[in-house]
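Novice: the sequence isn't on hand, but the structure is:
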């Protein structure tokens, strides 16, 4: 199993990630009224339809953060950042699939986003494709049930050797790796997780017509207390540069990022 790549700390302004480098943005999920102007009309309307306040905060934080982060790489005002979610694998008109920055020509970066109710992660790479996932341990209520539907035969055999105390932590690590790999490919849960082995540094999958021919590299990431996180990349990652947006970022003006 790959350990987390070396952590990087850099000066303000992210630049395009170098080969072997991934930028990992951590954004706490908060009520952010000053970020609402970053959203487009449809996104603001969607935010207002949420009846659960926490779900609205997650949606607003995620959509605005993606635009604020995209603005740093594309050199655009946040409101001018266009994000597409077109799925090239099916014909449905409903926007879904991997998010992408639409910038006329292919965008200079690929990115992936994941969240819990408390934390948002955005992984950005300048070379190849990327997938990221974060999960909270509190959401893991049925350990044996998830193991039965999510683990390969070999993974279940290893799971059975673990103590009751160690099983939830190991299972959540495996699940975040599977989610990150499935996000990278754009296939999502069309991949049967019971056919996807993620114990090693590369994802191993049974027959899957649309699975990429290139290797899918897997890495465990440092995560906030009570969480697990993982990264998948189509190219090897040797350095993760952790980045944060200013908490008081204001739409269209205070959108500069800093790295930590």
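Specialist: Cool, got the structure. On a predicted model such as this, the values are computed, not experimentally measured, just so you know.
Novice: angles on the backbone of residue 30, please.
Specialist: Residue 30 adopts backbone torsions of phi -140, psi 170, taken as degrees, to the nearest 10.
Novice: following the strand or helix carrying residue 62, which helix or strand shows up next?
Specialist: Using DSSP states H and E, residue 62 maps to helix 53-74. From helix 53-74 onward toward the C-terminus, using DSSP H and E, the following helix or strand is strand 82-84.
Novice: paired strands for that next one, with orientation please.
Specialist: strand 100-103 (antiparallel) (DSSP bridges).
Novice: for the strand it pairs with, buried residues please.
Specialist: Within strand 100-103, the residues that qualify as buried by neighbour count (16 or more other CB atoms under 10 Å) are 100-101, 103. Heads up, the C-betas are built off the backbone N, CA and C, glycines and all.
Novice: which one of the residues you listed is nearest to residue 157?
Specialist: The shortest approach to residue 157 among the buried residues of strand 100-103 belongs to residue 100, at 38.3 Å (CB to CB).
Novice: now that closest one: closest residue in space that isn't a chain neighbour?
Specialist: Using CB to CB, 6 or more residues apart in numbering and skipping the chain neighbours, the partner closest in space to residue 100 is residue 84 (5.1 Å).
Novice: give me the pLDDT for the one you found.
Specialist: At residue 84, the model reports a pLDDT of 91.
Novice: and it, how many neighbours does it have?
Specialist: Residue 84 has 12 neighbours, counted by other CB atoms under 10 Å.
Novice: wait, it sits on residue 106?
Specialist: No - the criterion here is CB atoms under 8 Å, and residue 84 misses it with residue 106 at 11.7 Å.
Novice: does residue 174 touch residue 154 like I think?
Specialist: No - in this structure residue 174 lies outside contact range of residue 154 using CB under 8 Å: 11.3 Å.
Novice: overlap in contacts, these two.
Specialist: Counting by CB atoms under 8 Å, 6 or more residues apart in numbering, the contacts common to residue 174 and residue 154 are residue 199.
Novice: who has more neighbours out of these two?
Specialist: Comparing residue 174 with residue 154 by neighbour count (other CB under 10 Å), the higher total belongs to residue 174, at 26 against 11.
Novice: mind listing what's buried in the helix or strand harbouring that one?
Specialist: Element membership for residue 174, per DSSP H and E: helix 167-185. Residues of helix 167-185 classed as buried: 167-168, 170-185 (neighbour count, 16+ other CB under 10 Å).
Novice: check stretch 135-153 too.
Specialist: For stretch 135-153, using 16+ other CB under 10 Å, the buried residues are 135-136, 140, 146-147, 150-152.
Novice: then stretch 64-81?
Specialist: Neighbour count says stretch 64-81 has 64-74, 76, 78, 81 buried, by 16+ other CB under 10 Å.
Novice: same deal with stretch 212-226?
Specialist: Buried, per 16+ other CB under 10 Å, within stretch 212-226: 212, 216-221, 223.
Novice: same deal with stretch 19-32?
Specialist: 20-27, 29, 32.
Novice: from the buried residues of stretch 135-153, which land in helices?
Specialist: Here DSSP state H is the test, and the buried residues of stretch 135-153 give 146-147, 150 as lying in helices.
Novice: please consider this matter closed, and thank you.
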